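Participant: Give me a 3D structure for the following:
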Amino acid sequence: MTIEEQLRLKLRKIAALFEGATTTGERRAAAAALDRVKQTLAATGATAKAPPAEPTIEMQFTLTDRWQRRLFAALCRRHGLKPYRYKRQRYTTVMVRAPERFIDTTLWPEYLALKEALDQYLRDATERIIREEVYRDTEEVVVQWEE
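Facilitator: Take a look at the predicted model:
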C-alpha cells in the first residue's frame, strides 16, 4: 500500500469516525444522517416564517495556508455549506453560515483531525524525499554560539 493510499484510508477512517460508521449499515445510516443535516441546514436558512430550532450564525475563519483553505472549503461543501468571502476580505478569510453547535461539534473538530492527518503525511513525505534525493541527514541545523 502506497503512502497516498494509506492517507486516503486514514482520511476515510476519520470521516467515518465523525459520521460514526464502521460497517456498511452504519455507513448507510451515516449517509442518511448527513442528508438530514444538510436538509436541516437548508431549512434553517430557507424558512423565514417559522423560527429555526437552532439559529444560523455567520462564522469567520482565518486559514493562512492555501491547502488548509481548500480542505476546509471542501469539508464545508461536503456538509452542504457554502463557504464564501466578502469583497475586499483577505484570501485567508473563509466565511460560513451554519448553526453554531454544528460548527463547534462537527465541522471544526473534523477539520482539525483531517488537517492533522494531511500535515503528518506532508511532513513524512518531505522528510523521505529529502533523505532519499538530497542527503540522508535531515536533522535541524546546530545552534552555534558566538565565541
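
Participant: Under the pLDDT cut-off, which ranges of the chain? List them.
Facilitator: Applying pLDDT under 70 to the chain flags the ranges 2-4, 7, 17-24, 26-53.

Participant: Could you pull out the strands in it for me?
Facilitator: Assigned strands in the chain, in chain order: 56-62, 93-99 (criterion: DSSP state E).

Participant: Can you tell me which of those strands is most buried?
Facilitator: When the strands of the chain are scored by mean count of other CB atoms under 10 Å, the highest mean neighbour count falls to strand 93-99 (a mean of 19). The way it works is simple: take the backbone N, C-alpha and C, and place the C-beta from them, glycine included.

Participant: and that one, C-alpha only, in CSV?
Facilitator: Below are the C-alpha coordinates for strand 93-99, written out as CSV (Å, rounded to 0.1, in the frame of the first residue of the first chain):
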residue,chain,number,x,y,z
THR,A,93,-10.7,34.5,5.3
VAL,A,94,-13.4,32.0,4.9
MET,A,95,-17.0,32.7,5.9
VAL,A,96,-19.6,30.1,6.7
ARG,A,97,-23.3,30.3,7.8
ALA,A,98,-24.4,27.4,9.9
PRO,A,99,-25.8,26.6,13.4
